[in-house]
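Undergrad: Sequence plus predicted model, see below.
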Amino acid sequence: MMNFTEEDLDHYLQNQADLRHRQVSKSVEDVQKIIKDLTAEISSKDARFQSIANSGVHNDSFKDQPALASKWSALLRGRCTFNPAIQVLTPTLFLISVPVRGLMGYKERRARQWRYYTLSGSHLLSPVREPEKLHQWLELESFANASQEWHDTRLAMEGDIVPAKVVTVFKEQVEAAIKTCRLTEKVCVLESVGSVVRVAVETSEAQIEVELVPTVELMNCWPKRAHWPRLLQRWPSTERTRCIKSFGFNLMATSSYHWLLSFSRAEQVLLGCIDEDGGYRRKCYRVVRQLKEDVWCPGSKPVITAHHLQTLLFWTCEKYPSSRDWRNLRECVLRLVQKLHKCVSQRYLRHYFVRTYNLLKYTNTNELDDMAKKISDFLENPHAYIH
């Protein structure tokens with residue numbers, strides 16, 4: 001086996017990963033401007049939806065918590081230029097959280113067990129299936145202050161805020177806003193299956209597919225099913241963990257009945273501060289991500305996205321918490337690739353915060369097997385790919 005050197009890796013980063021970063025940054029800038037205008041128009045017509053300019057700590061719901069915004073800015077100053085609402089899954093596939101307004105004072109409560117309604121309002125003889133481990137019901141009673149607009153029967157049913165109904169109303173507003181903002185040449189709504197709004201956005205770099213997801217942002221609270229940090233965990237530090245949990249989590253309207261738990265702010269802080277001790281964790285991640293996009297799993301809708309790799313990196317950081325474990329870039333890259341190969345081969349990758357959920361549960365097994373073969377070929381002769 002011919003191995004690669006640190007010099008090979010630096011060259012690969014400069015010629016491949018840095019080019020990708022510049023292209024993606026330009027695409028994010030273009031998409032962000034268009035979606036910001038679009039969501040601002042939507043918010044002017046339906047105040048339940050906010051502009052993405054108000055996402056995260058800038059959400060209208062948190063204006064009385066300036067300490068959170070200050071903490072966020074201090075943590076990510078100079079480390080992250082992207083809007084916290086935007087997740088880059090691949091260079092041409094973005095996920096954008098659109099914050100909602102009017103749901104205040106969330107408190108997790110025990111939801112009633114059975115639902116017997118359909119999305120059209122019909123009565124069922126047998127109950128709707130229960131949410132999976134990364135999903136939950138969302139009841140109006142969970143909020144101490146839910147504005148009257150959320151009691152609208154177009155959004156709620158039997159006390160539940162129904163994600164599919166929220167998406168239907170939101171999609172109508174998106175279609176109207178595209179015309180009002182005269183963006184028909186730059187944005188078009190794509191056909192989609194299930195409760196999701198997908199649009200194609202033309203940028204100076206490429207056509208970007210964007211999933212727009214209405215999102216309930218919940219600060220200063222943490223879901224009970226996310227048992228984190230774990231016992232005897234050494235990474236990240238106790239202080240950093242406490243700080244991360246203060247940024248809370250999101251509930252995203254991605255399915256018909258159940259809301260998806262998302263920890264995008266926590267993940268952004270973890271990744272942004274990951275090399276405070278001077279290690280090569282982020283460089284390692286960028287190399288593996290580039291190999292994934294170029295060789296192992298190319299395309300606009302791969303089975304493994306940047307979010308999967310990020311999750312794998314967090315698990316690896318937890319297993320190897322010492323800074324000395326991340327000082328040799330070549331060893332770090334090979335370690336992460338070997339762990340990726342194991343996950344793909346076994347078709348199992350635990351969610352970082354809700355560890356009982358397998359992120360690869362519904363992925364295409366044939367594509368995973370094909371990717372595992374490509375990674376195996378790489379491990380036999382990495383120099384052929386990085387030189």
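TA: Looks like it arrived, so ask away.

Undergrad: State the paired neighbours of the longest strand along the chain in the sheet, together with their directions.
TA: Longest strand in the chain by number of residues (criterion: DSSP state E): strand 207-218. Using DSSP bridges, the strands paired with strand 207-218 are strand 93-99 (parallel), strand 197-202 (antiparallel), strand 249-252 (antiparallel).

Undergrad: which residues of the stretch 101-250 of the chain fall in helices?
TA: Assigned by DSSP state H, counting those that start in this stretch, the helices in the stretch 101-250 of the chain fall at 163-180, 238-246.

Undergrad: Go through those helices and pick out the most buried.
TA: Highest mean neighbour count of those: helix 163-180, a mean of 19 (counted as mean count of other C-beta atoms under 10 Å). All C-beta atoms are positioned from the backbone trio N, CA, C, and that covers glycine.

Undergrad: can you list the strands paired with strand 207-218 in JSON lines and add distance to residue 231?
TA: As requested, those are arranged in JSON lines below (distance: least, C-beta to C-beta, whole Å):
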{"stretch": "strand 93-99", "distance to residue 231": "31"}
{"stretch": "strand 197-202", "distance to residue 231": "40"}
{"stretch": "strand 249-252", "distance to residue 231": "21"}
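
Undergrad: Relative to residue 295, which of these is closest?
TA: Nearest of the strands paired with strand 207-218 to residue 295, taken as C-beta to C-beta: strand 93-99 at 18.1 Å.

Undergrad: mind exporting the closest one as CSV, just the C-alpha atoms?
TA: This file holds the C-alpha atoms of strand 93-99, laid out as CSV (Å, rounded to 0.1, in the frame of the first residue of the first chain):
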residue,chain,number,x,y,z
LEU,A,93,-28.4,20.8,-1.7
PHE,A,94,-29.2,23.2,1.2
LEU,A,95,-31.6,22.8,4.1
ILE,A,96,-33.0,26.1,5.4
SER,A,97,-34.9,26.5,8.6
VAL,A,98,-37.6,29.2,8.4
PRO,A,99,-38.4,30.3,12.0
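
Undergrad: Tell me where the model's unsure across the stretch 51-200 of the chain.
TA: 57-69, 71-82 (pLDDT under 70).

Undergrad: re the thing from before, make CSV out of the helices of the stretch 101-250 of the chain and add distance to residue 156.
TA: Formatted as CSV, those follow (distance: least, C-beta to C-beta, whole Å):
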stretch, distance to residue 156
helix 163-180, 7
helix 238-246, 29
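
Undergrad: which stretch among those helices comes nearest residue 254?
TA: Nearest of the helices of the stretch 101-250 of the chain (C-beta to C-beta): helix 163-180, 6.9 Å.

Undergrad: just to revisit the earlier point, any idea which of the strands paired with strand 207-218 gets closest to residue 363?
TA: Of all the strands paired with strand 207-218, strand 93-99 comes closest under C-beta to C-beta, at 15.0 Å.

Undergrad: got a list of what residue 228 touches?
TA: When contacts are counted by C-beta atoms under 8 Å, 6 or more residues apart in numbering, residue 228 touches 241, 245, 352, 353.

Undergrad: repeat that with 7 Å
TA: residue 353 (C-beta atoms under 7 Å, 6 or more residues apart in numbering).

Undergrad: distance of it from residue 336?
TA: Distance, residue 228 to residue 336, using C-beta to C-beta, to the nearest Å: 21 Å.

Undergrad: circling back: list just the one of the helices of the stretch 101-250 of the chain that sits closest to residue 206.
TA: Each of these has some distance to residue 206 by C-beta to C-beta; the shortest is helix 163-180, at 19.5 Å.

Undergrad: Please tell me how far the longest strand of the chain is from the chain's geometric centre.
TA: Strand 207-218 sits 9 Å away from the centroid of its parent chain (C-alpha atoms, centre = their mean, to the nearest Å).

Undergrad: Give me the average confidence score over that strand.
TA: The average of the pLDDT scores along strand 207-218 is 97.

Undergrad: which of the residues in it are buried?
TA: Residues of strand 207-218 classed as buried by neighbour count (16 or more other C-beta atoms under 10 Å): 208, 209, 210, 211, 212, 213, 214, 215, 216, 217, 218.

Undergrad: mind checking the longest helix of this structure?
TA: Criterion DSSP state H: the longest helix present in the chain is helix 18-45.

Undergrad: buried stuff in that helix?
TA: For helix 18-45, by 16+ other C-beta under 10 Å, it's 20, 24, 27-28, 30-32, 34-43.

Undergrad: That one versus strand 197-202: what angle between them?
TA: 120 degrees (axes from the mean of the first three to the mean of the last three C-alpha atoms, to 10 degrees).

Undergrad: so what does helix 18-45 touch, helix or strand wise?
TA: Applying 3 or more C-beta pairs under 7 Å, 6 or more residues apart in numbering; DSSP states H and E, we find helix 18-45 packed against strand 86-90, strand 93-99, helix 163-180, strand 207-218.

Undergrad: how about a cut-off of 10 Å?
TA: Helix 18-45 sits against strand 86-90, strand 93-99, helix 163-180, strand 187-190, strand 197-202, strand 207-218, helix 281-291, with contacts defined as 3 or more C-beta pairs under 10 Å, 6 or more residues apart in numbering; DSSP states H and E.

Undergrad: now the ones you listed as TSV including distance to residue 118?
TA: Below are the helices and strands packed on helix 18-45 laid out as TSV (distance: least, C-beta to C-beta, whole Å):
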stretch	distance to residue 118
strand 86-90	31
strand 93-99	26
helix 163-180	10
strand 187-190	25
strand 197-202	21
strand 207-218	21
helix 281-291	41
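
Undergrad: Among the ones you listed, which comes closest to residue 233?
TA: helix 281-291 (16.4 Å).

Undergrad: What is the subsequent helix or strand relative to that closest one?
TA: Next along the chain after helix 281-291, taking DSSP states H and E as the criterion, comes helix 306-319.

Undergrad: buried residues in that following helix?
TA: Buried residues in helix 306-319 (16+ other C-beta under 10 Å): 306, 308, 309, 310, 311, 312, 313, 314, 315, 316, 317.

Undergrad: what does the average pLDDT come to for it?
TA: Mean predicted lDDT for helix 306-319 stands at 97.
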